[in-house]
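Visitor: can you look at this prediction? I've put the sequence above it.
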Amino acid sequence: MNTTFIAMAVAMLLGIGLLVGIGALSLLSGALNFLFVKPKIEILKSQFGETGFAFSFFWDQNAEPVRFDRLKIHLFNPFGTPAQLEITREFDGSENDFARDLDLGNFMKDIKNAKGLENATIEIEVASSKDSVTHLMTMKGSAFKEKLAKASVSALEVSEKLITPKEKPRFEIPERSFISPPLPRSAKALKLATNPEFAGQFAGAGAGAEAVAAVANFAVSKVWIEPGCIVCDACEGIFPEVFEVTDSTCLIRANAPLNDGLKILEAAEACPVEVIKFTKAS
Ligand code: SF4
């Protein structure tokens, strides 16, 4: 009694421990994801020159399945001129990593030529207007200037890379068919009455006395089907009074006539898997 109780208590404790462990791991993974898998805004080379601003944006679409379609740039320049500038621009959004090149007109010119830009602060915000999700990158004006100067890749080039088809999966899908493979070839000639090779053995009429003797009919005491029937219908086609082919096998009909041994022999010879067996009546 005590042993059962202790075993149950241990099992319960282990179960609770397992649940707590899984929960903790899940929280840890979420926290790591939050801390280290951060969205990334890269400054690119704009085709619009002085008035353009090109950028790419990469983020975890599984964690944030939203459409980003708004850009905001804010210059905070308390020791220079102008002291503050801000622009918000909507663009054709995307639900996947993307790159855009926007003509922001004189605003961009004013930022690039702002006095005291090196000591200013620049905020670049990419947002989803529909889902109220925002990502902000803040940097010193000097870093912004340096990134603009060093940008050598265009938004077009990044976009082309993003739409390049991904490598095909390396596993191979086997071809499947519902048509069964053909039966193995056999050198065996079917001993049928219709086969000219054996015509003499089946046709009593027209054959010589010797042939007639060779094909004298006989009675059968027992006929049966051994396992392995492939339900090809050959036997039933030859002697339907004796053989009945079902969906899965072949049966011997009740009260099947067993006096035509030659026909049963013909069916047995025609069976491609040789599962028709019989014994001659003595
Ligand atoms: S001939 Fe043979 S394999 Fe074909 S249905 Fe008859 S018993 Fe089965």
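Guide: Okay, I see it.
Visitor: and the strands in the stretch 101-250 of the chain?
Guide: Here the stretch 101-250 of the chain has its strands, by DSSP state E, counting those that start in this stretch, at 121-128, 133-140, 220-225, 243-245, 250-252.
Visitor: mean pLDDT, distance to the ligand and mean neighbour count for those - can I get that in JSON lines?
Guide: (C-beta placed from N, C-alpha, C; glycine too.) As requested, the strands of the stretch 101-250 of the chain are exported to JSON lines (pLDDT from 0 to 100; distance: least, CB to the nearest ligand atom, whole Å; neighbours: other CB atoms under 10 Å):
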{"stretch": "strand 121-128", "mean pLDDT": "93", "distance to the ligand": "68", "mean neighbour count": "19"}
{"stretch": "strand 133-140", "mean pLDDT": "90", "distance to the ligand": "68", "mean neighbour count": "15"}
{"stretch": "strand 220-225", "mean pLDDT": "94", "distance to the ligand": "5", "mean neighbour count": "15"}
{"stretch": "strand 243-245", "mean pLDDT": "93", "distance to the ligand": "5", "mean neighbour count": "19"}
{"stretch": "strand 250-252", "mean pLDDT": "93", "distance to the ligand": "4", "mean neighbour count": "18"}
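Visitor: reformat these as CSV; add distance to residue 163.
Guide: Output for the strands of the stretch 101-250 of the chain, formatted as CSV (distance: least, CB to CB, whole Å):
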stretch, distance to residue 163
strand 121-128, 20
strand 133-140, 22
strand 220-225, 63
strand 243-245, 58
strand 250-252, 61
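Visitor: which stretches of the stretch 51-200 of the chain aren't confidently modelled?
Guide: Counting by pLDDT under 70, the ranges of the stretch 51-200 of the chain that qualify are 164-200.
Visitor: recalculate using a threshold of 80.
Guide: Counting by pLDDT under 80, the stretch 51-200 of the chain shows low-confidence ranges at 163-200.
Visitor: helices along that one, start to end?
Guide: With DSSP state H, counting those that start in this stretch as the criterion, the stretch 51-200 of the chain has helices at 106-112, 141-150, 155-163, 199-202.
Visitor: nearest to the ligand, of the ones you listed?
Guide: helix 199-202 (17.5 Å; CB to the nearest ligand atom).
Visitor: need the helices of the stretch 51-200 of the chain in CSV (columns: distance to the ligand and mean neighbour count).
Guide: Rendered in CSV, the data for those read as follows (distance: least, CB to the nearest ligand atom, whole Å; neighbours: other CB atoms under 10 Å):
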stretch, distance to the ligand, mean neighbour count
helix 106-112, 84, 17
helix 141-150, 79, 16
helix 155-163, 58, 15
helix 199-202, 18, 16
